[in-house]
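Asks: Just a sequence and a predicted model for now, questions to come.
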Amino acid sequence: MRLNQNTMLLGKKVVLVPYTSEHVPRYHEWMKSEELQRLTASEPLTLEQEYAMQRSWREDADKCTFIVLDAEKWQAQPGATEESCMVGDVNLFLTDLEDPTLGEIEVMIAEPSCRGKGLGTEAVLAMLSYGMTTLGLTKFEAKIGQENEPSIRMFQKLHFEQVAASSVFQEVTLRLTVSESEHQWLLEQTSHVEEKPYRDGSAEPC
């Protein structure tokens, strides 16, 4: 999505930056993991295919992707490459043609040492707020594998409620409808998140 290509979201634990070609090699290494392939229902790609996917996602109007950086590592090491600070990604898919106010959200903390520390929670909160305030979304869904209990619990703590379960796909669907009170709650939870211009926003070729 070109809309977020010049946007960086700076939180306490994570920094969200647009997915650029700089991030592809590390992302490609992550996705060689059979565990991550299973959790994300993904097929392994070649490096060339991964670059093509990154370009496609940047152009697609129905996909909003941020790479998740470890904020502590990124801020503690001036000059550190973003690739060296990458821990995962967070995505919004706007694929319901009948309801443009609905977004499907996904988060992946790919680095095992960074799980269970609240990075995924802050990344999701920042993305929910961005989707709500910038993309005009009022409903969010998360489809999660039934065995991925930590992710299910995290979304439930963020006020998502289970609305469906599929034995065929072995996944559950959780939903958050942004009422006025939920809107205010999300703004409060992300009041510390700063939106800043992304340093390499214009560096990607058209």
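Replies: It's in.

Asks: contact partners of the lowest-mean-pLDDT helix or strand in the chain?
Replies: Lowest mean confidence among the helices and strands of the chain (mean pLDDT, DSSP states H and E): helix 34-40, at a mean of 79. Outside helix 34-40, the residues within contact range by CB atoms under 8 Å, 6 or more residues apart in numbering are 30-31, 42-44, 106, 108, 110, 145, 148. (Glycine included, C-beta is placed from N, CA and C.)

Asks: Return that helix as CSV; C-alpha atoms alone will do.
Replies: Included here for helix 34-40 are C-alpha records, laid out as CSV according to Å, rounded to 0.1, in the frame of the first residue of the first chain:
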residue,chain,number,x,y,z
GLU,A,34,8.5,-24.6,9.0
GLU,A,35,6.9,-23.3,12.3
LEU,A,36,6.3,-19.9,10.7
GLN,A,37,5.1,-21.4,7.5
ARG,A,38,2.5,-23.4,9.5
LEU,A,39,1.5,-20.5,11.7
THR,A,40,1.1,-18.1,8.8
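
Asks: buried ones in that helix?
Replies: Residues of helix 34-40 classed as buried by neighbour count (16 or more other CB atoms under 10 Å): 36, 39-40.

Asks: Contacts only, for the spatially most central residue of the chain.
Replies: What sits nearest the mean C-alpha location of the chain, by CA atoms, centre = their mean, is Val90, with 0.8 Å. Contact analysis of Val90 by CB under 8 Å, 6+ apart lists 16, 65-66, 68, 105-108, 123-124, 126-127.

Asks: I'd like to know how many residues surround Thr46.
Replies: Look at Thr46: counted by other CB atoms under 10 Å, it has 9 neighbours.

Asks: can you tell me how far it sits from Met53?
Replies: To Met53, Thr46 is 10 Å away according to CB to CB, to the nearest Å.

Asks: Contacts only, for Arg2.
Replies: By CB under 8 Å, 6+ apart, the neighbours of Arg2 are 58-59, 61.

Asks: So which of the residues you listed are in helices?
Replies: Cross-referencing those against helices under DSSP state H gives 58-59.

Asks: Number of residues surrounding His192?
Replies: Neighbours of His192 (other CB under 10 Å): 11.

Asks: Model confidence score at it, please.
Replies: What the model reports for His192 is a pLDDT of 97.

Asks: Look up how far Thr134 lies from it.
Replies: Distance, His192 to Thr134, by CB to CB: 17 Å.

Asks: Any regions of the chain where pLDDT drops low?
Replies: Applying pLDDT under 70 to the chain flags the ranges 200-206.

Asks: and with 80 instead?
Replies: Along the chain, segments meeting pLDDT under 80 span 37-42, 78, 199-206.

Asks: all helices for it, in order.
Replies: Under the criterion DSSP H, helices of the chain are mapped to 24-30, 34-40, 47-59, 71-76, 82-85, 119-133, 149-157, 180-189.

Asks: Now the ones you listed in a markdown table, please, with extra columns for distance to Thr173.
Replies: Shown next, in a markdown table, are those (distance: least, CB to CB, whole Å):
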| stretch | distance to Thr173 |
| --- | --- |
| helix 24-30 | 25 |
| helix 34-40 | 16 |
| helix 47-59 | 23 |
| helix 71-76 | 30 |
| helix 82-85 | 32 |
| helix 119-133 | 16 |
| helix 149-157 | 10 |
| helix 180-189 | 18 |
